[in-house]
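Enquirer: dropping a prediction and its sequence here:
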Amino acid sequence: MSKVQKVWATQILDSRGFPTVEAACQLDSGEVAVASVPGGTSTGTYEALELRDGDNQKFLGKSVYNAVKNVNEVLGPGVWGLDVNDQDKIDKRLIELDGTKNKSKYGGNAILAVSLASTKGGALANKQPLYLWVNTLAKRVGINAEIHIPSPIFNMINGGLHGAGNLDFQEFHVIPATSKTYSDSLRMGVEIYMMLGKDLDRRGAIHSVGDEGGYAPNLFTNADALEVLYEAIKQTPYQMGRDVFLGLDVAASVFYKNGEYTIRDKSAPLNDDALLDYYKYINNQYHLALIEDPFHEDAWDSWKKILEAFQGQLTIVGDDILATNMERVQKAIADKACNGILVKPNQVGTVSETLEVIKTTRDAGWKVIVSHRSGETNDWFIADFAVGVGSDYTKFGAPARGERVVKYNRLLSIESELQQKNI
Ligand code: PGA
Ligand code: ZN
C-alpha cells in the first residue's frame, strides 16, 4: 500500500493568462505527482462550481487563492494517509468534505486538482504510465476499455466566445477518418491547418488565432467557415467524406436569447425548428460527422428532434446540456436526446465521477469524446485519460499553441510506446 503523505496547491496561470489551481500529491515513498486544472469560457450552467475569488483588485476578480487555501487547509489534509491505489475512496472523501451538490463549498477546481494529482500519484506508486493506470481505474468501474489512440477532432476555426472574429458558432472541426492511424491523422490535421492559414491569408481574412489555436477570421456567415475549410481540404491530397469529415460545436446557449437564436447567416432570429432546418441544409452541403450543442442547454425537446432527424447519419454530442453530470446524462439517455458525450473532468470535479459517467454512456452505446477546455495548462493528463478510458475521440483544439500541442504530442509518444510494446 502506498499512502498520500501530503498535498499542497499553487496558483498558476492557464493559456488565457487566468489563474488556475495546481496541486501536488506526495506519497509516503517521497515521490511527488503534480497536476493542474483547466477552465472553460463557454461554461455550462450545470457544471461544478469553479471557485474564483471575485476580488477585482486581484487578477480582475479571477484569482483562485481561496481554492488554493481550500486544498492546503481542508481537502489535502482530508486525504492524507489514504491509499493512493483507492482513487474511488479519495474522491468520495473529497465529495464528502465539500458536501454540496455542485462542489460550491470548496470549489470544483480545488477538488479536481487533488483528484488529478492523486490519480497521477497512483500511476507513480504502481510504476505505470498514467494511461495504463487510468485503464485500471476504468476497468474497476466496469468500462470495457481497450487501449488505443482515439481519433482527434481538430478545432480549426474558432468563433463564438473563443474567437476574435465575427462567427457565432464556436468551433469548426476537421475529423480524420477513424480508420487512419493517429500519427497519420495528426499529419492530416496539421497540413489542412497550414493550408487553411494560407487560404485565409489569400482572402485577406484576419487569421489571428482564438483560445483553442484555431483561426479566428471575420467571414460573412457561419456556413462560409465550412466552405473555407472545404476549399482548404480540396488543395490537400485528402478527400472530404473519405479521408476527412467536418463537424461543428455550435455552443448554441451563447447566442440564444428569449426563445430565439440570432446568427449572422439569417436576417431574422430563428426558433428551434428553423435552426434545425438550417442544420439540415448545412448537413446536405457538407455531410457533417458531428454536431455538438446544436440547441441551448435546456432545450430537451429540440435535442430529441435533432437526434431523430439525423439518426444513423451523424453524432449529436452533448456538452453544456450534459455537463459530465450523471443525472443529466441519465435523462438524456432516457429521452434519447444525444448519442455522444463531450467528457470534461472539470465539469463534474473528480476522476471517479467522470469514469462513472463514461461507463453509463458506453452502456447506452454512445460515442465518447474526451475534451480539453478553452483555458488549458501544459498538463497532458487529459491525453492519458482519453487513452486509458478507451474513448472514441479526443478534442484538444487546433494542432497549434503549446497547451494544445503538448496533448497531441503526448498521444504520439503513447502511440510509439504501444508499438514498441506491441499492445
Ligand atoms: P469551453 O469550450 O472550454 O470554453 O467550455 C469547449 C467546448 O465548448 O467544447
Ligand atoms: Zn462544447
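Expert: Received the coordinates, thanks. Ligands and ions are numbered 1, 2, ... in the order given.
Enquirer: show me the shaky parts of the chain.
Expert: 207 (pLDDT under 70).
Enquirer: if we go to 90?
Expert: Applying pLDDT under 90 to the chain flags the ranges 1, 42, 163-165, 203-208, 311-312, 421-423.
Enquirer: what does it put close to ligand 1?
Expert: Residues of the chain found near ligand 1 (CB under 6 Å from any ligand atom) are 40, 41, 42, 43, 170, 249, 251, 319, 342, 371, 373, 374. C-beta coordinates here come from the backbone N, C-alpha and C atoms, glycine included.
Enquirer: near ligand 2, from those residues?
Expert: The residues of the residues of the chain next to ligand 1 that also fall near ligand 2, by CB under 5 Å from the ion, are 249, 319.
Enquirer: distance of residue 152 relative to residue 36?
Expert: 22 Å (CB to CB, to the nearest Å).
Enquirer: one more: residue 176?
Expert: 29 Å.
Enquirer: again with residue 167
Expert: For residue 167, the distance to residue 36 - CB to CB - is 30 Å.
Enquirer: swap in residue 248?
Expert: For residue 248, the distance to residue 36 equals 29 Å [CB to CB].
Enquirer: higher neighbour count, those two?
Expert: Taking other CB atoms under 10 Å, residue 248 and residue 36 do not tie; residue 248 has more neighbours (28 against 24).
Enquirer: does the more buried one touch residue 292 like I think?
Expert: Yes. Here residue 248 lies in contact with residue 292, judged by CB atoms under 8 Å, at a distance of 6.7 Å.
Enquirer: mutual contacts of these two, please.
Expert: Here residue 248 and residue 292 share the contacting residues residue 171, scored by CB atoms under 8 Å, 6 or more residues apart in numbering.
Enquirer: just the C-alphas of the strand or helix carrying residue 118, formatted as PDB.
Expert: Taking DSSP states H and E as the criterion, residue 118 maps to helix 108-125. C-alpha atoms of helix 108-125 as PDB (Å, rounded to 0.1, in the frame of the first residue of the first chain):
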ATOM      1  CA  GLY A 108     -14.700  22.100  -8.300                       C
ATOM      2  CA  ASN A 109     -11.300  23.500  -9.300                       C
ATOM      3  CA  ALA A 110      -9.800  22.800  -5.800                       C
ATOM      4  CA  ILE A 111     -11.400  19.300  -5.700                       C
ATOM      5  CA  LEU A 112     -10.400  18.300  -9.200                       C
ATOM      6  CA  ALA A 113      -6.800  19.400  -8.700                       C
ATOM      7  CA  VAL A 114      -6.500  16.900  -5.800                       C
ATOM      8  CA  SER A 115      -8.300  14.200  -7.700                       C
ATOM      9  CA  LEU A 116      -6.000  14.600 -10.700                       C
ATOM     10  CA  ALA A 117      -2.800  14.800  -8.700                       C
ATOM     11  CA  SER A 118      -3.700  11.700  -6.600                       C
ATOM     12  CA  THR A 119      -4.500   9.800  -9.800                       C
ATOM     13  CA  LYS A 120      -1.100  10.600 -11.100                       C
ATOM     14  CA  GLY A 121       0.200   9.500  -7.700                       C
ATOM     15  CA  GLY A 122      -1.500   6.200  -8.200                       C
ATOM     16  CA  ALA A 123       0.400   5.800 -11.500                       C
ATOM     17  CA  LEU A 124       3.700   6.600  -9.800                       C
ATOM     18  CA  ALA A 125       3.000   4.200  -7.000                       C
END
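Enquirer: list the buried residues for it?
Expert: Neighbour counts over helix 108-125 (16 or more other CB atoms under 10 Å) mark 108-125 as buried.
Enquirer: quick check: residue 295 vs residue 412, distance?
Expert: Residue 295 sits 36 Å away from residue 412, going by CB to CB.
Enquirer: the more surrounded of the two?
Expert: Just comparing residue 295 and residue 412: by other CB under 10 Å the higher neighbour count belongs to residue 295, 26 against 14.
Enquirer: so how far is residue 265 from the more buried one?
Expert: To residue 265, residue 295 is 16 Å away according to CB to CB.
Enquirer: quick one: contacts of the helix ranked longest in the chain?
Expert: Taking DSSP state H as the criterion, the chain has its longest helix at helix 182-203. The contact list for helix 182-203, computed with CB under 8 Å, 6+ apart, reads 149-152, 154, 156-157, 174, 176, 180, 206-207, 215, 217, 228-229, 231-233, 235-236, 238, 243-244, 398-400, 408, 411-412, 415.
Enquirer: check which residues of it are buried.
Expert: Per 16+ other CB under 10 Å, helix 182-203 contains these buried residues: 182, 185-186, 188-193, 195-197, 199-200.
Enquirer: nearest to ligand 2 among those?
Expert: Nearest to ligand 2 among these, counting by CB to the ion, is residue 189 at 18.5 Å.
Enquirer: what about the closest one, distance to ligand 1?
Expert: With distances taken as CB to the nearest ligand atom, to the nearest Å, residue 189 is found 17 Å from ligand 1.
Enquirer: what of residue 50?
Expert: 11 Å.
Enquirer: got it, and residue 283?
Expert: Residue 283 is 20 Å from ligand 1, by CB to the nearest ligand atom.
Enquirer: grab the CA positions of the one helix or strand residue 153 maps to and hand them over as PDB.
Expert: According to DSSP H and E, residue 153 maps onto strand 151-158. Extracted in PDB, the C-alpha atoms of strand 151-158 (Å, rounded to 0.1, in the frame of the first residue of the first chain):
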ATOM      1  CA  SER A 151      -9.200   9.800 -33.300                       C
ATOM      2  CA  PRO A 152      -8.500  13.600 -33.000                       C
ATOM      3  CA  ILE A 153     -11.200  16.200 -33.600                       C
ATOM      4  CA  PHE A 154      -9.300  19.300 -34.700                       C
ATOM      5  CA  ASN A 155     -10.900  22.700 -33.900                       C
ATOM      6  CA  MET A 156      -9.600  24.600 -37.000                       C
ATOM      7  CA  ILE A 157     -11.700  27.800 -36.800                       C
ATOM      8  CA  ASN A 158     -12.700  29.400 -33.500                       C
END
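Enquirer: could you give the angle of that strand to helix 182-203?
Expert: Strand 151-158 and helix 182-203 are oriented at 10 degrees to each other (axes from the mean of the first three to the mean of the last three CA atoms, to 10 degrees).
Enquirer: so which elements touch strand 151-158?
Expert: strand 171-176, helix 182-203, helix 222-234, strand 393-395 (3 or more CB pairs under 8 Å, 6 or more residues apart in numbering; DSSP states H and E).
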